[in-house]
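A.B. asks: the amino acid sequence is not available; the structure is as follows:
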């Protein structure tokens, strides 16, 4: 009896009993049904740390815990630079409600490092619908942090409070507020201002302990028309060594503040080069680093204006030009990551009503918003086509030809840059953060871009090579996206359900529903199973070793991806007394089906009687076959 074992293994890797995404995809219209499914690849997720319970302020401080709301608005986890003295023993984590924490890696305890709400009088946090982007948003360590103690934070202030924005130090005695002054807000060129994002540089004079002692200075204050899409993320170029042109340059992911989805005078803001909103900016906080570069208008930072790679628009003759702009035409590039192997700066960008985007960021590029969403034209107006893309209008509106946009200040029309990966709102609601995996715990995922959906908590991956190929192709070519299965406590589960159970266990809403409403979770998942309402509100984080974590605000948890389980792979085929035994890799509580065919060229496969329910990482099935050649494959059932 012949078995063609290597061929069988190959088939087992490909055939997992679920629809596979093929590509590169070439679609130019909104799909009528979900397109992304699990391909059998799974990640093992374990609880790592539980945040202290927290709630937004509703009039009293400290506020009582609201068990019907999010229980810990964890937004980022970051490692200190590897040469910092305590980087091996701790993480820094922020809770948007107010706290920058130090997380002890050994006992998983949290210590408050800075309480922003008690320092900044105009600080605002909120969890109401449409106002989720308030509080302590993000932080980043200076590349020279181990020597300088410098790091950067972004928090949100409410200018309508009309209180002095100068911080106090009553709850942080080591904070020297002497000489701290605010900067004039850089407001959008049109419309009112409801929120301000404040970028602060901190200098801790002793990073060998868990308390802050030192000074701070305000670098930049940006005004926004609305409550959404503020300054969401900060990043330094990890490949820029001291002395290089990009060393010490800070990249800022600035949303449009909701301006692009209005139909009035605010709408063009993301396309305007005299506005900071809807842009990725590049600045140099250390004004002593490259003294030939221009100072900012407020004198607090420099702008790369000289050298081999200045900011792209610094020589443009335009009234009100903002030379800080690195790229433009963004809606909400709320998360940035930088893969040091491929040297790709990647933005996860939340869309409006149709498409979620992954973009490669390049200098001077126009990413289309608010005239493009995903690979389509988008319509924002007071009409029947409001917020719809061209393929969703009835009758559909053809894509513009030529594909160009007119930008004030630029002589030639501009062709937008399109996503390297995208998914529709048939799959979820809002793009989470993502990283190219370079760790050691999941070798099979090395070189894959792993990301998620905020509300549904679905996890996805793309092959980086296919993303790079898509970036060099046509508008309609995007990298295929695959869904990762999640194994938690030894069983395959939806991450949404894991978060919902964690929320309930911490005392959350007894109805079992997660807080918040979004249409994506008020329906079935792509496999027909109801979600059960609410926002899991997940983000991904990467530590200094390249390992990945999942942060979920609903239950205030940090979980770690600790292993990968590939699609079923046949490990051995043995024949004893005419009985064939197949053994393959498996996931506990998953169901597998073994099939055989008499020829690899035949489209017909026959099921062996009796599916196998796995109870461990390895499963087997026997076949008392008749004489002759049989080829086997193993399917993982939904």
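C.D. replies: All right, it came through fine. Being a predicted model, the structure only gives us computed values, none of them experimental.

A.B. asks: where does pLDDT dip in the protein?
C.D. replies: Applying pLDDT under 70 to the chain flags residues 1-27, 129-131, 510-512, 625-627, 638.

A.B. asks: in it, where's the longest strand?
C.D. replies: strand 38-50 (DSSP state E).

A.B. asks: that one: which residues count as buried?
C.D. replies: Taking 16 or more other Cβ atoms under 10 Å as the basis for neighbour counts, the residues of strand 38-50 that come out buried are 38, 39, 40, 41, 42, 43, 44, 45, 48, 49, 50. (C-beta placed from N, C-alpha, C; glycine too.)

A.B. asks: now, among those, which is nearest to residue 636?
C.D. replies: residue 40 (5.0 Å; Cβ to Cβ).

A.B. asks: relative to residue 188, how far out is the closest residue to residue 328 other than its chain neighbours?
C.D. replies: By the measure of Cβ to Cβ, 6 or more residues apart in numbering, the closest residue to residue 328 outside its immediate chain neighbours is residue 279, 4.9 Å from it. When Cβ to Cβ, to the nearest Å is the yardstick, residue 279 and residue 188 sit 11 Å from each other.

A.B. asks: so residue 76, which of the three states?
C.D. replies: Of the three states, residue 76 takes strand according to DSSP: H, G, I helix; E, B strand; the rest coil.

A.B. asks: my read: it touches residue 135, true?
C.D. replies: No. Counting by Cβ atoms under 8 Å, no contact exists between residue 76 and residue 135, whose distance comes to 11.9 Å.

A.B. asks: remind me which helix or strand the residue nearest to the spatial centre of the chain belongs to.
C.D. replies: Note on the chain: the residue nearest the mean C-alpha position is residue 433, at 0.8 Å, using Cα atoms, centre = their mean. Of the helices and strands defined by DSSP states H and E, residue 433 is found in strand 431-436.

A.B. asks: ok, the following helix or strand past that strand: who's next to it in the sheet?
C.D. replies: Once the chain leaves strand 431-436, the next helix or strand it forms, by DSSP H and E, is strand 448-453. Strand pairing for strand 448-453, determined by DSSP bridges: strand 431-436 (antiparallel), strand 459-463 (antiparallel).

A.B. asks: work out the gap between whatever helix or strand comes next after the last one and the centre of the chain.
C.D. replies: Read it as strand 459-463. Toward the C-terminal end, the helix or strand that comes next after strand 459-463 (DSSP H and E) is helix 464-471. Mean C-alpha position of helix 464-471 versus that of the full chain (Cα atoms, centre = their mean, to the nearest Å) differs by 18 Å.

A.B. asks: partners of the helix or strand following helix 464-471 in the sheet?
C.D. replies: Once helix 464-471 ends, the next helix or strand along the chain (criterion: DSSP H and E) is strand 477-478. Applying DSSP bridges to the sheet, strand 477-478 is found paired with strand 25-26 (antiparallel).

A.B. asks: so the residue nearest to residue 503 when sequence neighbours are not counted: helix, strand or coil?
C.D. replies: Ranked by Cβ to Cβ, 6+ apart and with sequence neighbours excluded, the top spatial neighbour of residue 503 is residue 555, at 4.1 Å. What three-state DSSP gives for residue 555 is coil.

A.B. asks: now swap in the one 3 residues further on and tell me
C.D. replies: Three states are possible here, and by three-state DSSP the one that applies to residue 558 is strand.

A.B. asks: distance of it from residue 543?
C.D. replies: From residue 558 over to residue 543 (counting by Cβ to Cβ), the distance is 11 Å.

A.B. asks: excluding its backbone neighbours, what's nearest the residue nearest to the centre of the chain?
C.D. replies: On the basis of Cβ to Cβ, 6+ apart, the spatially nearest residue to residue 433 that is not a chain neighbour turns out to be residue 335, at 3.7 Å.
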